[in-house]
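Chemist: no sequence for this one, just the structure:
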(Lines give C-alpha, C1' and ligand atoms only; values in the text may rest on other atoms or scores of the structure.)
Protein backbone atom coordinates (compact mmCIF):
# COMPACT_ATOMS: atom_id res chain seq x y z
CA UNK A 1 0.00 0.00 0.00
CA UNK A 2 1.30 3.40 -0.98
CA UNK A 3 0.30 6.28 1.28
CA UNK A 4 1.02 9.97 1.11
CA UNK A 5 4.29 11.20 2.61
CA UNK A 6 4.70 14.60 4.24
CA UNK A 7 6.95 17.28 2.89
CA UNK A 8 6.72 21.04 3.03
CA UNK A 9 4.85 21.35 6.30
CA UNK A 10 3.49 24.86 5.75
CA UNK A 11 2.28 24.04 2.24
CA UNK A 12 0.55 20.88 3.48
CA UNK A 13 -1.19 22.72 6.34
CA UNK A 14 -2.41 25.33 3.85
CA UNK A 15 -3.70 22.49 1.64
CA UNK A 16 -5.67 21.11 4.60
CA UNK A 17 -7.33 24.48 5.15
CA UNK A 18 -8.25 24.71 1.49
CA UNK A 19 -9.62 21.18 1.65
CA UNK A 20 -11.89 22.11 4.58
CA UNK A 21 -13.10 25.16 2.69
CA UNK A 22 -13.71 23.18 -0.49
CA UNK A 23 -15.58 20.46 1.43
CA UNK A 24 -17.87 22.98 3.11
CA UNK A 25 -18.77 24.72 -0.14
CA UNK A 26 -21.03 27.77 -0.19
CA UNK A 27 -21.58 28.82 3.44
CA UNK A 28 -24.90 30.42 2.48
CA UNK A 29 -26.29 26.91 2.21
CA UNK A 30 -26.98 24.70 5.21
CA UNK A 31 -24.20 22.27 6.03
CA UNK A 32 -24.88 18.62 5.22
CA UNK A 33 -25.06 16.65 8.46
CA UNK A 34 -23.88 13.12 9.10
CA UNK A 35 -27.47 12.16 9.96
CA UNK A 36 -28.71 13.44 6.61
CA UNK A 37 -26.09 11.44 4.76
CA UNK A 38 -26.91 8.33 6.79
CA UNK A 39 -30.65 8.57 6.10
CA UNK A 40 -30.76 10.07 2.60
CA UNK A 41 -27.66 8.60 0.93
CA UNK A 42 -28.22 5.07 2.16
CA UNK A 43 -26.92 3.32 -0.96
CA UNK A 44 -23.62 5.17 -0.70
CA UNK A 45 -23.44 4.36 3.00
CA UNK A 46 -24.06 0.68 2.23
CA UNK A 47 -21.20 0.57 -0.28
CA UNK A 48 -18.75 2.27 2.08
CA UNK A 49 -19.64 -0.14 4.89
CA UNK A 50 -19.31 -3.19 2.64
CA UNK A 51 -15.98 -2.33 1.05
CA UNK A 52 -14.68 -0.75 4.25
CA UNK A 53 -15.46 -3.94 6.22
CA UNK A 54 -17.21 -2.03 9.02
CA UNK A 55 -20.93 -2.16 9.66
CA UNK A 56 -21.57 1.24 11.21
CA UNK A 57 -23.86 3.65 9.37
CA UNK A 58 -22.74 6.71 11.34
CA UNK A 59 -19.03 6.08 10.71
CA UNK A 60 -19.68 5.41 7.02
CA UNK A 61 -21.71 8.63 6.73
CA UNK A 62 -18.93 10.56 8.51
CA UNK A 63 -16.36 9.14 6.10
CA UNK A 64 -18.49 10.17 3.12
CA UNK A 65 -18.78 13.70 4.48
CA UNK A 66 -15.07 13.93 5.22
CA UNK A 67 -14.23 12.63 1.75
CA UNK A 68 -16.62 15.15 0.12
CA UNK A 69 -18.52 12.30 -1.51
CA UNK A 70 -15.49 10.41 -2.86
CA UNK A 71 -16.60 6.89 -1.93
CA UNK A 72 -13.23 5.22 -2.53
CA UNK A 73 -11.57 7.78 -0.23
CA UNK A 74 -14.35 7.22 2.31
CA UNK A 75 -13.73 3.47 2.18
CA UNK A 76 -10.02 4.13 2.77
CA UNK A 77 -10.85 6.32 5.80
CA UNK A 78 -13.16 3.68 7.27
CA UNK A 79 -10.63 0.89 6.81
CA UNK A 80 -7.92 2.98 8.41
CA UNK A 81 -10.15 3.63 11.42
CA UNK A 82 -11.02 -0.04 11.58
CA UNK A 83 -7.39 -0.92 12.33
CA UNK A 84 -7.63 1.05 15.60
CA UNK A 85 -10.59 -0.92 16.93
CA UNK A 86 -10.20 -3.80 19.41
CA UNK A 87 -11.20 -7.30 18.34
CA UNK A 88 -13.61 -8.96 20.78
CA UNK A 89 -14.20 -12.15 18.82
CA UNK A 90 -16.14 -13.59 15.92
CA UNK A 91 -19.89 -13.76 15.46
CA UNK A 92 -21.83 -16.84 14.42
CA UNK A 93 -22.56 -17.38 10.70
CA UNK A 94 -25.57 -15.37 9.58
CA UNK A 95 -28.74 -17.30 8.85
CA UNK A 96 -30.14 -15.26 6.00
CA UNK A 97 -33.07 -17.61 5.57
CA UNK A 98 -34.55 -16.11 8.75
CA UNK A 99 -34.19 -12.60 7.30
CA UNK A 100 -36.95 -10.09 7.95
CA UNK A 101 -37.40 -9.43 4.25
CA UNK A 102 -38.02 -5.96 2.82
CA UNK A 103 -37.38 -6.96 -0.80
CA UNK A 104 -37.21 -10.39 -2.36
CA UNK A 105 -37.37 -11.18 -6.07
CA UNK A 106 -36.55 -14.10 -8.33
CA UNK A 107 -36.02 -14.16 -12.08
CA UNK A 108 -36.37 -17.93 -12.26
CA UNK A 109 -39.76 -18.65 -10.66
CA UNK A 110 -42.75 -16.31 -10.84
CA UNK A 111 -44.77 -18.01 -8.09
CA UNK A 112 -42.75 -18.38 -4.91
CA UNK A 113 -43.78 -19.38 -1.39
CA UNK A 114 -44.21 -16.01 0.31
CA UNK A 115 -44.56 -14.13 -2.97
CA UNK A 116 -42.24 -11.68 -4.66
CA UNK A 117 -41.73 -8.48 -2.67
CA UNK A 118 -40.84 -5.56 -4.89
CA UNK A 119 -39.93 -3.20 -2.05
CA UNK A 120 -38.05 0.03 -2.76
CA UNK A 121 -36.23 -0.18 -6.10
CA UNK A 122 -35.34 1.83 -9.18
CA UNK A 123 -36.08 -1.19 -11.38
CA UNK A 124 -39.56 -0.01 -12.34
CA UNK A 125 -38.89 3.72 -12.65
CA UNK A 126 -38.17 5.81 -15.71
CA UNK A 127 -34.63 7.12 -15.72
CA UNK A 128 -35.68 10.75 -15.96
CA UNK A 129 -34.52 13.61 -13.77
CA UNK A 130 -37.16 14.47 -11.18
CA UNK A 131 -36.97 18.25 -10.87
CA UNK A 132 -39.53 18.18 -8.06
CA UNK A 133 -36.70 17.04 -5.79
CA UNK A 134 -35.04 20.43 -6.30
CA UNK A 135 -37.99 22.01 -4.51
CA UNK A 136 -37.00 20.20 -1.30
CA UNK A 137 -40.47 18.68 -1.04
CA UNK A 138 -40.93 16.33 1.88
CA UNK A 139 -42.22 12.96 0.74
CA UNK A 140 -44.69 11.48 3.21
CA UNK A 141 -44.67 7.70 3.08
CA UNK A 142 -47.67 5.67 4.14
CA UNK A 143 -48.51 2.10 4.94
CA UNK A 144 -50.30 1.85 1.60
CA UNK A 145 -47.02 2.45 -0.21
CA UNK A 146 -45.49 -0.57 1.46
CA UNK A 147 -48.64 -2.60 0.86
CA UNK A 148 -48.75 -1.72 -2.85
CA UNK A 149 -45.18 -2.88 -3.41
CA UNK A 150 -46.03 -6.43 -2.42
CA UNK A 151 -47.53 -9.10 -4.65
CA UNK A 152 -50.23 -11.48 -3.54
CA UNK A 153 -48.93 -14.85 -2.46
CA UNK A 154 -50.10 -17.63 -4.79
CA UNK A 155 -53.03 -19.52 -3.28
CA UNK A 156 -53.47 -17.02 -0.45
CA UNK A 157 -56.89 -16.47 1.03
CA UNK A 158 -58.78 -13.33 0.12
CA UNK A 159 -57.10 -10.32 1.66
CA UNK A 160 -53.97 -12.26 2.66
CA UNK A 161 -50.91 -10.73 1.07
CA UNK A 162 -47.19 -11.29 1.26
CA UNK A 163 -47.17 -9.24 4.46
CA UNK A 164 -48.86 -12.16 6.17
CA UNK A 165 -46.36 -14.50 4.62
CA UNK A 166 -43.48 -12.34 5.79
CA UNK A 167 -43.71 -13.81 9.26
CA UNK A 168 -43.61 -17.30 7.75
CA UNK A 169 -40.60 -19.08 6.38
CA UNK A 170 -39.50 -17.97 2.93
CA UNK A 171 -37.58 -20.91 1.51
CA UNK A 172 -34.85 -20.08 -0.94
CA UNK A 173 -35.30 -20.70 -4.64
CA UNK A 174 -32.34 -23.09 -4.51
CA UNK A 175 -34.29 -25.10 -1.92
CA UNK A 176 -37.04 -25.63 -4.49
CA UNK A 177 -34.48 -26.88 -7.01
CA UNK A 178 -32.79 -28.96 -4.36
CA UNK A 179 -35.98 -30.93 -3.78
CA UNK A 180 -35.49 -32.42 -7.24
CA UNK A 181 -31.72 -32.68 -6.91
CA UNK A 182 -31.25 -30.20 -9.74
CA UNK A 183 -28.69 -27.96 -8.04
CA UNK A 184 -25.36 -28.67 -6.42
CA UNK A 185 -25.19 -29.17 -2.67
CA UNK A 186 -23.10 -26.67 -0.75
CA UNK A 187 -22.18 -28.11 2.61
CA UNK A 188 -19.19 -27.67 4.89
CA UNK A 189 -16.82 -30.60 4.70
CA UNK A 190 -15.96 -32.21 8.02
CA UNK A 191 -12.56 -31.11 9.23
CA UNK A 192 -12.47 -28.12 6.87
CA UNK A 193 -10.21 -25.33 8.18
CA UNK A 194 -11.67 -22.15 9.58
CA UNK A 195 -12.00 -19.38 7.00
CA UNK A 196 -9.11 -16.93 6.99
CA UNK A 197 -9.71 -13.34 8.06
CA UNK A 198 -8.48 -11.06 5.29
CA UNK A 199 -8.79 -8.04 7.56
CA UNK A 200 -5.99 -9.49 9.69
CA UNK A 201 -4.02 -11.67 7.27
CA UNK A 202 -2.64 -10.74 3.85
CA UNK A 203 -4.05 -12.40 0.76
CA UNK A 204 -2.06 -15.41 -0.44
CA UNK A 205 -2.51 -18.10 -3.04
CA UNK A 206 -3.95 -20.61 -3.54
CA UNK A 207 -7.17 -19.08 -2.16
CA UNK A 208 -10.19 -21.21 -1.32
CA UNK A 209 -13.76 -20.06 -1.93
CA UNK A 210 -14.27 -18.62 1.56
CA UNK A 211 -11.20 -16.42 1.11
CA UNK A 212 -12.30 -15.42 -2.39
CA UNK A 213 -15.75 -14.38 -1.17
CA UNK A 214 -14.19 -12.20 1.53
CA UNK A 215 -12.00 -10.55 -1.07
CA UNK A 216 -14.93 -9.98 -3.44
CA UNK A 217 -17.07 -8.51 -0.65
CA UNK A 218 -14.33 -5.92 -0.04
CA UNK A 219 -13.69 -5.50 -3.78
CA UNK A 220 -14.50 -2.42 -5.81
CA UNK A 221 -18.08 -2.51 -7.06
CA UNK A 222 -17.18 -1.01 -10.44
CA UNK A 223 -14.42 -3.55 -11.06
CA UNK A 224 -16.66 -6.48 -10.14
CA UNK A 225 -19.48 -5.07 -12.24
CA UNK A 226 -17.23 -4.83 -15.31
CA UNK A 227 -15.79 -8.32 -14.84
CA UNK A 228 -19.21 -9.81 -14.12
CA UNK A 229 -20.53 -8.14 -17.27
CA UNK A 230 -17.67 -9.70 -19.22
CA UNK A 231 -18.81 -13.17 -18.14
CA UNK A 232 -22.23 -12.47 -19.61
CA UNK A 233 -20.69 -11.40 -22.92
CA UNK A 234 -18.90 -14.68 -23.42
CA UNK A 235 -15.60 -14.26 -21.58
CA UNK A 236 -16.38 -17.23 -19.34
CA UNK A 237 -18.53 -20.34 -19.43
CA UNK A 238 -21.49 -18.56 -17.87
CA UNK A 239 -25.22 -18.36 -18.53
CA UNK A 240 -26.60 -16.92 -15.29
CA UNK A 241 -30.09 -16.59 -13.89
CA UNK A 242 -30.88 -14.45 -10.86
CA UNK A 243 -32.19 -17.23 -8.67
CA UNK A 244 -33.00 -14.95 -5.75
CA UNK A 245 -32.11 -11.51 -4.46
CA UNK A 246 -33.03 -10.66 -0.88
CA UNK A 247 -32.71 -7.48 1.15
CA UNK A 248 -33.65 -7.21 4.79
CA UNK A 249 -32.41 -7.43 8.35
CA UNK A 250 -30.86 -10.43 10.07
CA UNK A 251 -29.87 -10.97 13.66
CA UNK A 252 -26.21 -11.21 14.63
CA UNK A 253 -25.24 -13.66 17.32
CA UNK A 254 -22.00 -14.07 19.21
CA UNK A 255 -20.95 -16.90 21.49
CA UNK A 256 -19.91 -15.66 24.92
CA UNK A 257 -17.52 -17.84 26.91
CA UNK A 258 -19.07 -16.68 30.16
CA UNK A 259 -22.49 -18.02 29.15
CA UNK A 260 -21.40 -20.93 27.02
CA UNK A 261 -23.96 -20.13 24.35
CA UNK A 262 -24.63 -17.71 21.54
CA UNK A 263 -26.61 -14.56 22.30
CA UNK A 264 -28.12 -11.97 19.98
CA UNK A 265 -26.12 -8.75 19.92
CA UNK A 266 -28.04 -6.79 17.28
CA UNK A 267 -29.39 -6.67 13.76
CA UNK A 268 -27.86 -5.61 10.47
CA UNK A 269 -29.24 -5.00 6.98
CA UNK A 270 -27.79 -7.16 4.22
CA UNK A 271 -28.36 -7.92 0.55
CA UNK A 272 -27.93 -11.50 -0.62
CA UNK A 273 -27.83 -12.81 -4.18
CA UNK A 274 -27.77 -16.38 -5.45
CA UNK A 275 -27.05 -16.80 -9.14
CA UNK A 276 -28.00 -20.06 -10.86
CA UNK A 277 -25.74 -21.21 -13.68
CA UNK A 278 -25.78 -24.06 -16.11
CA UNK A 279 -23.39 -26.96 -15.70
CA UNK A 280 -23.48 -29.90 -18.07
CA UNK A 281 -21.98 -32.41 -15.67
CA UNK A 282 -19.47 -35.15 -16.35
CA UNK A 283 -19.05 -38.90 -16.00
CA UNK A 284 -19.30 -38.64 -12.20
CA UNK A 285 -21.83 -35.80 -11.81
CA UNK A 286 -25.17 -35.75 -13.67
CA UNK A 287 -26.26 -32.53 -15.39
CA UNK A 288 -27.13 -30.03 -12.70
CA UNK A 289 -27.15 -26.34 -11.89
CA UNK A 290 -24.30 -24.60 -10.09
CA UNK A 291 -24.29 -21.43 -8.01
CA UNK A 292 -22.60 -18.09 -7.59
CA UNK A 293 -23.03 -16.21 -4.33
CA UNK A 294 -22.87 -12.58 -3.27
CA UNK A 295 -23.54 -10.76 0.00
CA UNK A 296 -23.10 -7.13 0.96
CA UNK A 297 -24.04 -4.77 3.78
CA UNK A 298 -27.16 -2.62 3.42
CA UNK A 299 -29.12 -2.34 0.19
CA UNK A 300 -26.44 -3.21 -2.36
CA UNK A 301 -28.06 -5.28 -5.09
CA UNK A 302 -25.69 -4.34 -7.92
CA UNK A 303 -22.67 -5.24 -5.80
CA UNK A 304 -24.16 -8.54 -4.62
CA UNK A 305 -25.13 -9.54 -8.17
CA UNK A 306 -21.72 -8.67 -9.62
CA UNK A 307 -20.05 -10.54 -6.78
CA UNK A 308 -22.18 -13.64 -7.49
CA UNK A 309 -21.30 -13.55 -11.20
CA UNK A 310 -17.58 -13.33 -10.47
CA UNK A 311 -17.75 -15.97 -7.74
CA UNK A 312 -19.21 -18.46 -10.20
CA UNK A 313 -16.58 -17.60 -12.83
CA UNK A 314 -13.78 -18.19 -10.31
CA UNK A 315 -15.05 -21.73 -9.72
CA UNK A 316 -14.08 -22.79 -13.25
CA UNK A 317 -11.12 -24.97 -12.28
CA UNK A 318 -13.05 -26.52 -9.40
CA UNK A 319 -15.85 -27.51 -11.78
CA UNK A 320 -13.50 -28.86 -14.44
CA UNK A 321 -14.03 -25.97 -16.88
CA UNK A 322 -11.38 -24.45 -19.09
CA UNK A 323 -9.90 -21.24 -17.66
CA UNK A 324 -9.91 -18.95 -20.66
CA UNK A 325 -10.73 -15.43 -19.45
CA UNK A 326 -9.35 -13.02 -16.83
CA UNK A 327 -12.55 -13.34 -14.79
CA UNK A 328 -11.78 -17.03 -14.28
CA UNK A 329 -8.19 -16.31 -13.21
CA UNK A 330 -8.23 -16.34 -9.40
CA UNK A 331 -4.90 -14.57 -8.90
CA UNK A 332 -5.69 -11.87 -11.46
CA UNK A 333 -9.13 -11.15 -10.01
CA UNK A 334 -8.25 -11.15 -6.32
CA UNK A 335 -5.03 -9.19 -6.81
CA UNK A 336 -6.73 -6.32 -8.62
CA UNK A 337 -10.20 -6.05 -7.09
CA UNK A 338 -9.35 -4.05 -3.96
CA UNK A 339 -10.08 -0.38 -4.61
CA UNK A 340 -8.01 0.93 -1.70
CA UNK A 341 -4.89 -0.91 -2.82
CA UNK A 342 -5.47 -0.03 -6.47
CA UNK A 343 -6.14 3.62 -5.65
CA UNK A 344 -3.03 3.85 -3.50
CA UNK A 345 -0.83 2.34 -6.17
CA UNK A 346 -2.22 4.63 -8.87
CA UNK A 347 -2.22 7.79 -6.76
CA UNK A 348 1.33 7.30 -5.56
CA UNK A 349 2.27 8.53 -9.03
CA UNK A 350 1.37 12.02 -7.76
CA UNK A 351 4.22 11.87 -5.26
CA UNK A 352 7.68 13.27 -6.14
CA UNK A 353 9.65 11.06 -8.49
CA UNK A 354 12.31 13.63 -9.32
CA UNK A 355 15.35 11.37 -8.90
CA UNK A 356 13.75 8.48 -10.81
CA UNK A 357 12.71 10.72 -13.67
CA UNK A 358 16.12 12.43 -13.88
CA UNK A 359 17.73 9.01 -14.18
CA UNK A 360 15.31 8.07 -16.96
CA UNK A 361 15.86 11.44 -18.64
CA UNK A 362 19.64 11.04 -18.57
CA UNK A 363 19.35 7.52 -19.96
CA UNK A 364 17.12 8.65 -22.85
CA UNK A 365 19.52 11.51 -23.66
CA UNK A 366 22.47 9.10 -23.72
CA UNK A 367 20.61 6.63 -25.92
CA UNK A 368 19.61 9.42 -28.31
CA UNK A 369 23.23 10.60 -28.52
CA UNK A 370 24.35 7.05 -29.30
CA UNK A 371 21.62 6.73 -31.90
CA UNK A 372 22.65 10.04 -33.55
CA UNK A 373 26.33 8.97 -33.58
CA UNK A 374 25.42 5.68 -35.19
CA UNK A 375 23.36 7.46 -37.85
CA UNK A 376 26.24 9.86 -38.59
CA UNK A 377 28.71 7.00 -38.90
CA UNK A 378 26.40 5.18 -41.27
CA UNK A 379 26.04 8.25 -43.51
CA UNK A 380 29.82 8.78 -43.48
CA UNK A 381 30.50 5.20 -44.52
CA UNK A 382 28.01 5.55 -47.32
CA UNK A 383 29.72 8.72 -48.63
CA UNK A 384 33.26 7.28 -48.53
CA UNK A 385 32.37 4.07 -50.35
CA UNK A 386 33.86 3.83 -53.92
CA UNK A 387 31.43 4.74 -56.69
CA UNK A 388 30.69 1.99 -59.20
CA UNK A 389 32.57 2.42 -62.55
CA UNK A 390 30.67 3.68 -65.58
CA UNK A 391 29.89 0.98 -68.14
CA UNK A 392 32.12 0.94 -71.28
CA UNK A 393 30.19 1.77 -74.42
CA UNK A 394 30.67 -0.53 -77.39
CA UNK A 395 31.21 0.73 -80.89
CA UNK A 396 27.57 0.05 -81.71
CA UNK A 397 26.49 2.19 -78.72
CA UNK A 398 28.82 4.99 -79.78
CA UNK A 399 27.36 4.94 -83.28
CA UNK A 400 23.83 5.20 -81.82
CA UNK A 401 24.87 8.10 -79.61
CA UNK A 402 26.50 9.88 -82.62
CA UNK A 403 23.36 9.37 -84.66
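Modeler: Perfect, I can see it now. Worth saying up front: this structure is predicted, and the values here are computed from it rather than measured.
Chemist: run a quick neighbour tally on residue 176.
Modeler: Per other C-beta atoms under 10 Å, the neighbour tally for residue 176 reads 18. For the C-beta atoms, the positions are set from N, CA and C on the backbone; glycine is no exception.
Chemist: now swap in residue 77 and tell me
Modeler: 21.
Chemist: wait, it touches residue 67, no?
Modeler: Yes. The criterion here is C-beta atoms under 8 Å, and residue 77 meets it with residue 67 at 6.2 Å.
Chemist: isn't residue 264 right up against residue 252?
Modeler: Yes. Assessed by C-beta under 8 Å, residue 264 is found in contact with residue 252 at 7.1 Å.
Chemist: these two - which one has more neighbours?
Modeler: More crowded of residue 264 and residue 252, by other C-beta under 10 Å: residue 252, with 16 against 10.
Chemist: which residues does the more buried one bridge with?
Modeler: residue 266 (DSSP bridges).
Chemist: and for residue 256?
Modeler: residue 261.
Chemist: I'd like the numbering to begin with 114 instead of 1 from here.
Modeler: With the count now opening at 114, the last piece we talked about shows up as residue 369.
Chemist: and it, what pLDDT?
Modeler: Listed pLDDT for residue 369 reads 86.
Chemist: then the one 5 residues further on?
Modeler: pLDDT for residue 374: 86.
Chemist: cool, residue 427 as well?
Modeler: 93.
Chemist: try residue 260
Modeler: pLDDT at residue 260 comes out at 50.
Chemist: do residue 156 as well
Modeler: Here the pLDDT value assigned to residue 156 is 94.
Chemist: that one - how many residues pack around it?
Modeler: So residue 156, with other C-beta under 10 Å, has 14 neighbours.
Chemist: which SSE is immediately downstream of the helix or strand of the chain with the lowest mean pLDDT?
Modeler: Of all regular secondary-structure elements in the chain, judged by mean pLDDT, DSSP states H and E, the least confident is helix 275-279 with a mean of 44. Scanning forward in sequence from helix 275-279 by DSSP states H and E, the next helix or strand is helix 286-291.
Chemist: mind checking how far that following helix is from the chain centre?
Modeler: 27 Å (C-alpha atoms, centre = their mean, to the nearest Å).
Chemist: what of stretch 335-344?
Modeler: 8 Å.
Chemist: ok, now stretch 291-301?
Modeler: Here the centre of mass of C-alpha atoms in stretch 291-301, compared against the chain's by C-alpha atoms, centre = their mean, lies 27 Å away.
Chemist: would you mark the buried spots in that stretch?
Modeler: By 16 or more other C-beta atoms under 10 Å, the buried positions in stretch 291-301 come out as 291, 296-297.
Chemist: tabulate those (TSV), appending distance to residue 440.
Modeler: Formatted as TSV, the buried residues of stretch 291-301 follow (distance: C-beta to C-beta, whole Å):
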residue	distance to residue 440
291	27
296	22
297	20
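Chemist: from those residues, which single one is nearest residue 477?
Modeler: residue 297 (56.8 Å; C-beta to C-beta).
Chemist: would you list the phi and psi of the nearest residue to the closest one once chain neighbours are set aside?
Modeler: Distances taken as C-beta to C-beta, 6 or more residues apart in numbering place residue 403 nearest to residue 297, at 5.3 Å, with adjacent residues excluded. Backbone torsions for residue 403, taken as degrees, to the nearest 10, come to phi -120, psi 170.
Chemist: all strands of the chain, in order?
Modeler: 213-218, 353-369, 374-392, 401-410 (DSSP state E).
Chemist: could you give me the average pLDDT of the longest helix seen in the chain?
Modeler: For the chain, the helix with the greatest residue count under DSSP state H is helix 467-497. Averaging the model's pLDDT scores along helix 467-497 yields 88.
Chemist: again with stretch 387-398
Modeler: Averaging pLDDT along stretch 387-398 gives 80.
Chemist: chain center to it: distance?
Modeler: Using C-alpha atoms, centre = their mean, the offset of stretch 387-398 from its chain centre is 25 Å.
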